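# Based on what follows, work out the 3D shape:
(4 chains)
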4 protein chains.
Amino acid sequence: MRALVYHGPQQVSVEEVPDATIERPTDALVKISATNICGSDLHMYEGRTSVEEGKILGHENMGQVVEVGSAVDKVKVGDWVVLPFNIGCGFCKNCEHGYTGFCLTANPGNAGAAYGYADMGPYSGGQAELLRVPWADWNALVLPEDAQEKQNDYVMLSDILPTGWHGTELAGVGAGDSVVIYGAGPVGLMAAMSAQVKGADQVFVVDHQPDRLALAAKLGATPVDDSSGDAVDQVLEATGGQGADKGVEAVGFQAHDHQGQEAPGITINSLVAAVRPTGRIGVVGVFVPEDPHATDSLAQKGRFAFDFGTFFFKGQAMGTGQANVKEYNRALRNLIHAGKINPGQIVSQELSLDDAVEGYKNFDDRLGGWTKVVLHP
Amino acid sequence: MRALVYHGPQQVSVEEVPDATIERPTDALVKISATNICGSDLHMYEGRTSVEEGKILGHENMGQVVEVGSAVDKVKVGDWVVLPFNIGCGFCKNCEHGYTGFCLTANPGNAGAAYGYADMGPYSGGQAELLRVPWADWNALVLPEDAQEKQNDYVMLSDILPTGWHGTELAGVGAGDSVVIYGAGPVGLMAAMSAQVKGADQVFVVDHQPDRLALAAKLGATPVDDSSGDAVDQVLEATGGQGADKGVEAVGFQAHDHQGQEAPGITINSLVAAVRPTGRIGVVGVFVPEDPHATDSLAQKGRFAFDFGTFFFKGQAMGTGQANVKEYNRALRNLIHAGKINPGQIVSQELSLDDAVEGYKNFDDRLGGWTKVVLHP
Amino acid sequence: MRALVYHGPQQVSVEEVPDATIERPTDALVKISATNICGSDLHMYEGRTSVEEGKILGHENMGQVVEVGSAVDKVKVGDWVVLPFNIGCGFCKNCEHGYTGFCLTANPGNAGAAYGYADMGPYSGGQAELLRVPWADWNALVLPEDAQEKQNDYVMLSDILPTGWHGTELAGVGAGDSVVIYGAGPVGLMAAMSAQVKGADQVFVVDHQPDRLALAAKLGATPVDDSSGDAVDQVLEATGGQGADKGVEAVGFQAHDHQGQEAPGITINSLVAAVRPTGRIGVVGVFVPEDPHATDSLAQKGRFAFDFGTFFFKGQAMGTGQANVKEYNRALRNLIHAGKINPGQIVSQELSLDDAVEGYKNFDDRLGGWTKVVLHP
Amino acid sequence: MRALVYHGPQQVSVEEVPDATIERPTDALVKISATNICGSDLHMYEGRTSVEEGKILGHENMGQVVEVGSAVDKVKVGDWVVLPFNIGCGFCKNCEHGYTGFCLTANPGNAGAAYGYADMGPYSGGQAELLRVPWADWNALVLPEDAQEKQNDYVMLSDILPTGWHGTELAGVGAGDSVVIYGAGPVGLMAAMSAQVKGADQVFVVDHQPDRLALAAKLGATPVDDSSGDAVDQVLEATGGQGADKGVEAVGFQAHDHQGQEAPGITINSLVAAVRPTGRIGVVGVFVPEDPHATDSLAQKGRFAFDFGTFFFKGQAMGTGQANVKEYNRALRNLIHAGKINPGQIVSQELSLDDAVEGYKNFDDRLGGWTKVVLHP
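Here you go, the predicted model:
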C-alpha cells in the first residue's frame, strides 16, 4: 500500500510499504477515505520530537472496514468508522474511568497511545491506504448512513473537534458563560464552536493571523487581534474589567509573542490574567516534558515561569491533557448527523495522498489560507 | 477592649483599643472565646505582606453573640457561633455560586475579604475580646449545645479544617483513592483527616519535622520523611510506580528544600511528579502574586519554573485558592458534633490573649511541639 | 394601589388595596411593569387549592425599584429587577445549597415561599402596582440597560424560563441528547428552548393542541401530536426503538388523557415508557399532596398508580420540584441580553391590569391562541 | 461438573452437568471458589419469575482463572478474580458511559445481562465448579495477593457491596449527611457500611428482625425497629422533625407491612415521608415490571399507589436500578485490601456446594441467623 513516511526533519515521502493487516483477533482493518494533517504532526515534521524514521504518520483517520478479527463483535465489514487518535484497550483503570487518552495497556510503561505519533507506541498512522485498528470494538465509532457525504465533518471526530470540546470541558464551560480561547487554529476554532453549542454567552478568540480571526468571526465568535493591542486588556475591557468566566489554551509549547519570538508559557500566563477569579482554564494545546531544540533553557526542560501567585490568588483551576476522544465522539457524531454542527467548514484543502508531501510543506510554512488539510488516499 | 495589634515585622502587642460595635443593621457582635494563630498570620508577622500597622489580627474565630443589628434574622444573642475566616455578602455572583472566599462586595475592587488580614479589606481580626461580624446571617454558623465543651474542635471550622477539606475537594479525593499531601502543618493534617473521612485508601503526608510526621501517623496517615530520601520516590514506590491518585499542597510559597533553603514551587513540581497521570492536585498552601522580600527574582514576581510539560503530558488538573469555608462548615460541624472527627486534637498550646505576643514568637520560631496555638481572650 | 384579588373559585377582581410598603430593613419596593398570569395561577382560580380569599395573586414579576430598606446593599432605587417567584432568605441550609425554592425561613414550618400563592407564605403577589420584595439583595436580579426594551423576555426569568430550564437540569440534558417533553404549554416550550441551548440533538414535544404544537415546531422542536396516535410509540419509532435519552414533564396533576378525562400520572407513566433505560426524567409540572376535588380516590390523596417496576427495571432516575430560580437566572439573563434566547416570543396577549379579570377567564378557558398573558400595571 | 440447577418453584438440585468451556476468544474460564446465595435468587426459587427450568443459578461469584480465550489480554491463568453479577460487552453506549448493568449487547433486545438469572440472557450461573466469563478483560476484576485469605470479603464485590454502595450513590450520600436505609438484609447492611465510608453523620437502618437490627448496630448504624412504632416518626424525631438528608431502599417489591402482609410500595412511600425536602432516594431493592403471582391487582402490573404529590412538593429526586458493579468494584477492592472495610463479617453460613439445596431452603424460610450464605464448590 502507499503511505506517508517520516524520514527526518522536513523529510517525508509517499511510498510503497507492506500492507497493514489484522494481527490480533480484536483488530479491524480500515480502508482510509480521509486523514488529516494535524498541527501536532508539524511538531514531528519540524524535528521537535523523538519520532523514529520510517514511521507512517497520521492520527486523524476515518474510512471503511474491510476486515475484522475473530473476536470483533460490534464492527462489521462495510461499516464506515472514524477512529479516535488515541488508542485504548478499554479495560485498564484509565480506560474504564473514561481517560482513554491515558490507556495503560496499549503503550506499556506509558499512559496513552496513538496512531503514527512520537512516543505513543508502535502503531502506524493512517496517512496511508490501510490502517490496522487495535481493540476495534472499543476504538472504532460507527457512522450513520451519511458518512461519506459528510466526510469532512465526521473525520474531525478523530481529533480536533473532541479536542476543542475537551478544552471547554476542562474549563467547565456552561450556558451563559463568557470564554476566552487562545489560538484560532483548527483546535481553537473547534473550541469556539463547542462553547457555542454549550450555550456560552460571549466567546473571544485570540490570534494575530487575519484569515484565522476571520474564520473565528464567521463561526460566531468575537475575534481578538493581539497584534493590535494587548489581548488581555481587550478581554478585560469587554467583560467589565472582570475577565472571562472560562479560558481555553489551544496553542501549545510553540507559542510566539507579538514579535514572532517563541515564548513558551505566554498563552498560559495571559489566560491567568484574562480569566476572572474562580475561573477555570482548559489546556489542550500540546506541551512537552522536554524540548531539547528550544532556545530557552527552562523550555528545554519543559518548564516556564508560571504566574502561580496570581493563579492561586484568583482561586483558578486548570485542567490539561490530550482529549479522551471516546468520551465525546458519540454525542458529537449525533450533532453532526442532525446538522447542528459542521466542523468540516474549516477545511481549506483536500489533497490526494500523493500530494501529502507538498501539503506538509505548505501547512508547515503557515501559508495563507492553509487552515486544515484533508488527504483522501 | 484588649486586642492583639500589628506594629511592624516581628512587632505585635496586646493593648487596649476601642470596642468593636454594631456598625450596620446586618452586623452581629461576638464575644470571642477562642481564636487561633494561623500559619498565614506568620506571613504578616514576618513582614512578608503589605498589612498596615495598627491592624488587629486574627481570622480563626468563635464565640458568643452579644448583640445583633436590626436586620439580623437567624443569629440570636446568646448563640455560640464560629466565623469563616472569609467574609462574604451572600448575594454577589461569587457568593451565590459558593465561592464565598471570593466575595465581590466585601472588599471592593478585589475578590475576597477576611478578618484581620493583609489586602483583605478593612476588617479587624478576632484576636481580641470582641469582633464585629458583617452580614451575620450569612457569615455566622450557629453551633449546637456542645459548643463550649468542644471549643477546640469547633474553632477549627473557621479555617484549617475547611481549608484541609478544600484541598481534598479541589483534588477530587474519593473513596478508594490514594492521596499524597505535602506539608504536615495544621492544614496538611486537616487534609489527611479529611481524606480519611472521604474513604481514601492510602494517605501519604510528606514533611521533614519529626513531631509533625508523628502527628500524621497518629491520625492514621503514612508519614513520608523527605529528609530521609526523595519523597517522590517513596510515594512512587508505595504505589507500584504509578504515583498517588490525588495530591494536596499544604505548604505554600515559603516552601523550603532539604537544605532549608526557600524554594518556591518545589512542592508543586514534586506533586506533579508524585501524582499519577490523570490525577488531580488541590493547592491550599498560600501563594502570593508578589513577594518583594524573596531572594529569587522569579519569586519576587510570584512566579516559579513550573514543570508544565510534564503536568500536561500526564493530563493532570489543578485547583487552587483559599477555601470557601461556608461550602463545608455545616457538614463538618455535624461530623464534629457526632464525634466522627475531632480536629482539636492537634492543638498544642492554649494561651490567654495576654500571652499572644509570646505565642507569635514561639510559633514563628517553629519551636518544637508548637503545632497549633489557641488563644482564649 | 390597584391589584388583582382572589375571592373564590372563578372569582377575581381588580380593586383598590393598601399600598405595599417597606416592612423590614432588608425589603425593597418594586413598581411592577410586567407580571404574567401563570398556568399554576389557574389551579387557584379554579378552586383546586386552599388559597385564602383576599390574596393578591401574581408570582411572575418584574419592575423598577422605588424604595429600599436600610439594610439593602446591592439593589438601588431606579434599578430594573426581575423577581424569582420563590422567596428565599439566603442563609438557611436549603438556600445556601442552592435550593432557594425550599427556603426554611420565609414560610416557617414549610420548605418554600412565593408571592401570591397558596400555602407559600403570607406574601402578596405582583399583579398589582407595587410589590414588597423581602431580602431584596438575595431575591432581586438586577437587569441590564435593555431591561425595558426586552421586558417580555426578561419577565420570563421570574418563573417559566428557569422552570423549563430546571426540567432539563433535573433530567441531566446535555449535548447530543435526545429529549422528550410532555406538554407544549409555556413551561414545556421553555424546556424545549432550554434543551436546544444545551446542545440537545432531537427535542420532541408532546401535546394535542395544534397551536401549541405549531409553536414548538417554530422553536425548532419536533412536535408529537398524541391525539393522532400514541406519543410513546411515535417517540420510540423516532429513536430506533430505544426511547429518548431524557424526559421532561411539564403538565402536572391536571393531565388529561386523549378523551379529555383528567388522568393524573398519565404523563409520568408515559415518560417512563418513552425514555430509554438509564435515562433521567425531570418533573416540573405541578403535583400536589392532596386534591380533594379530584374524582379519582387515589388522586384525592395526591397519589397515582405508578409503573414503578418498569421505572426500576430500566434503571431510570427522576428529579422533581419547583425550580430554584436563582440557580439559573443570572446565566439566562446573560443569554437574553446577548440575544441568544428570546423567550418573550411566546407571549400571545399583553393586557393592562384592569383587563386581568378577562385575561384569567380566557386563559382558563384555554381559548385558542391564549398561550401566555402578560399584564402591564 | 457439579452445579445447582433450578427445576421449578422450591425445586433445586445439585447435579452433574456438562463442563463450562471457553466458547469465544474473549472468554475466560473460572474455577469457582466462593459463590453466594442472594436474596434475589429467592425470587426465582419461590417461582416469582419466569426463569427457565434447567438454569444453573448463581450470580455472586469469585474464583481462579483456569483458561483464557485467544483474545484475552489482561486476565491470566492463575489470577484470582471476582465477577460482577452483571455481564457487559464494554463497547456499547451504556457500557461506555458506565451503565454496565444495562449492556445493550450481551442480552440482545434488552438492557442488561447477568449470570444465572431470569430474563438476563443465556448465561449459566456460578453455583457450580466452573463458570464461563464472557468478555473477560472487561468483566473480571483481578484480586491482590490476599484474595484467598479474604475470600468472604472479596466475594461481596460481585453484588451486594457495590449494590449497597450504588444505593448511596443514587441517593447522593456525602460527608455530614444523615441517611435512612429501609431494609437490614445484606444489601441494606452494605449500604449502611457504604454510607459510613463516605462520612455520613447519622445512618438509620429500618427493619423489624431483631438479629438484622443487631447487625446494623454492630456496623455502627442506628437501628430503627418498625415493629415497635412507626419508623417514619422515629426518623423524623431523630432529625429534629426535618427528615433524613438521604434515603436508600434495600427491600424491593416483596416488602411487607407490620402485619406481615405483602405491601409493595410501602418502603418507597415511607422513604418519601422520612426524607427531607430536597432529599434524594436511591432504590436498589428489586422491583419488577410484572408480578403475576401478586395478590394486589396493581402489583400484578408492577405498579403501586405512589405518593407522587408529596414527592414533588418536597422536591425530592430518586435514582433506581441494579448496580453498575464495575463503576465501584476497583475502589471497593482497594478498601478491602487496605482493611478499611470488611463486608465478609455479615456471612452467617459457609456451605459446600452439595449443601446448597438445604441452604436455599433455610435462607428462604428466613431461618433466624441466616443472613448471608456462601457456597464453596
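# Can you pull the residues of chain A lying near chain C?
A:174-177, A:197-199, A:201-202, A:330-335, A:337-338, A:340 (CB under 8 Å from any CB of the partner chain). (Each C-beta comes from the backbone N, C-alpha and C, glycine too.)
# Give me the buried entries from those.
The neighbour-count criterion (16 or more other CB atoms under 10 Å in any protein chain shown) marks A:174-177, A:197-199, A:201-202, A:330-335, A:337, A:340 among the residues of chain A next to chain C as buried.
# so which residue of chain A comes closest to chain D?
Going by CB to the nearest CB, chain D is nearest to residue A:71 of chain A, at 3.5 Å.
# how about that residue, secondary structure?
Secondary structure for residue A:71, judged by DSSP: H, G, I helix; E, B strand; the rest coil, is coil.
# for it, what are its contacts?
When the contact criterion is CB atoms under 8 Å, 6 or more residues apart in numbering or on different chains, the partners of residue A:71 are A:25-26, D:24-26, D:69-71.
# now swap in residue A:161 and tell me
Taking CB under 8 Å, 6+ apart as the definition of contact, the neighbours of residue A:161 are A:190, A:193-194, A:332, A:341, A:343.
# What ranges does the stretch 251-377 of chain A have for its strands?
Remark: strands assigned in the stretch 251-377 of chain A by DSSP state E, counting those that start in this stretch are A:275-283, A:304-306, A:317-320, A:349-352, A:373-376.
# among these, which is nearest residue A:159?
Nearest of the strands of the stretch 251-377 of chain A to residue A:159, taken as CB to CB: strand A:373-376 at 12.1 Å.
# so what secondary structure elements neighbour that closest one?
Here strand A:373-376 is seen to pack against strand A:28-37, strand A:349-352, helix A:356-364 when contacts are counted using 3 or more CB pairs under 8 Å, 6 or more residues apart in numbering or on different chains; DSSP states H and E.
# So in that sheet, which strands flank the first one, and in what orientation?
When you say that, I think you mean strand A:28-37. Neighbouring strands of strand A:28-37 in its sheet, by DSSP bridges, are strand A:61-68 (antiparallel), strand A:130-133 (antiparallel), strand A:373-376 (antiparallel).
# now swap in the second one and tell me
Partners of strand A:349-352 in the sheet, by DSSP bridges, are strand A:373-376 (parallel).
# How about residues contacting the partner strand?
Residues from elsewhere that reach strand A:373-376, judged by CB under 8 Å, 6+ apart: A:4, A:33-37, A:58, A:127, A:152, A:155, A:347-353, A:355-356, A:359, A:363.
# Now which of those would you call buried?
Neighbour counting with 16+ other CB under 10 Å marks A:4, A:33-37, A:58, A:127, A:152, A:155, A:347-349, A:351, A:353, A:355-356, A:359, A:363 as buried within those.
# residues near the closest residue to residue A:327 other than its chain neighbours, how many?
Nearest in space to residue A:327, with sequence neighbours left out and distances taken as CB to CB, 6 or more residues apart in numbering or on different chains, is residue A:98 at 5.1 Å. Here the neighbour count serves as a burial measure; for residue A:98 (other CB atoms under 10 Å in any protein chain shown) it reads 17.
# Kindly report the same for residue A:241.
Residues contacting residue A:241 under the criterion other CB under 10 Å number 9.
# what sits against the most centrally placed residue in chain A?
Central residue of chain A (CA atoms, centre = their mean): residue A:160, 3.9 Å from the mean position. When the contact criterion is CB under 8 Å, 6+ apart, the partners of residue A:160 are A:36, A:38, A:60, A:186-187, A:190, A:343, A:372.
# 6 Å instead, please
Residues touching residue A:160, when contacts are defined by CB atoms under 6 Å, 6 or more residues apart in numbering or on different chains, comprise A:186-187, A:190.
# same check, this time on residue A:307
With contact taken as CB under 6 Å, 6+ apart, residue A:307 is in contact with A:269, A:272, B:303.
# Now the last one. Nearest residue, chain neighbours left out?
Across the structure, with CB to CB, 6+ apart as the measure, the residue nearest residue B:303 apart from its sequence neighbours is residue A:305 (4.5 Å).
# Tell me what that neighbour is bridged to.
Beta-bridge pairing of residue A:305, defined through DSSP bridges, involves residue B:305.
# likewise residue A:28?
Residues found in beta-bridge contact with residue A:28 (criterion: DSSP bridges) are residue A:68, residue A:133.
# does the residue of the stretch 101-250 of chain A at minimum distance from chain B count as helix, strand or coil?
Chain B sits closest to residue A:111 of the stretch 101-250 of chain A, with a gap of 3.9 Å, by CB to the nearest CB. When states are read from three-state DSSP, the local structure at residue A:111 comes out as coil.
# Contacts only, for it.
If a contact means CB under 6 Å, 6+ apart, then residue A:111 has A:102, A:104, B:277 as its contacts.
# how about 8 Å then?
Residue A:111 touches A:94, A:102-104, B:276-278, B:314-315, counting by CB under 8 Å, 6+ apart.
# Residue D:250: which of those residues is nearest?
residue A:94 (32.2 Å).
# separation between the nearest residue to the closest one once chain neighbours are set aside and residue A:324?
When the adjacent residues along the chain are set aside, residue A:94 lies closest to residue A:102, with 4.4 Å between them (CB to CB, 6+ apart). Computed with CB to CB, to the nearest Å, the distance linking residue A:102 and residue A:324 is 8 Å.
# next one: residue A:268
With distances taken as CB to CB, residue A:268 is found 21 Å from residue A:324.
# same question, residue A:173
Distance of residue A:173 to residue A:324, computed by CB to CB: 17 Å.
# swap in residue A:229?
37 Å.
# which of the two has more neighbours?
Each of residue A:229 and residue A:324 had its neighbours counted (other CB under 10 Å), and the higher figure belongs to residue A:324 (26 against 12).
# Touching, the more buried one and residue A:85? I think so.
No: taking contacts as CB atoms under 8 Å, residue A:324 lies outside contact range of residue A:85: 10.8 Å.
# Skipping its backbone neighbours, what lies nearest the residue of the stretch 251-377 of chain A found nearest chain C in space?
Sorted by distance to chain C under CB to the nearest CB, the residues of the stretch 251-377 of chain A start with residue A:331, at 2.6 Å. In space, not counting the residues next to it along the chain, residue A:331 is nearest to residue C:176; the distance is 2.6 Å by CB to CB, 6+ apart.
# in the stretch 201-350 of chain A, which spans are helices?
For the stretch 201-350 of chain A, the helices identified by DSSP state H, counting those that start in this stretch occupy A:210-218, A:231-238, A:266-274, A:297-300, A:308-313, A:329-337, in order along the chain.
# closest to residue B:294 out of the ones you listed?
For these, the distance to residue B:294 is smallest for helix A:308-313, at 10.3 Å, taking CB to CB.
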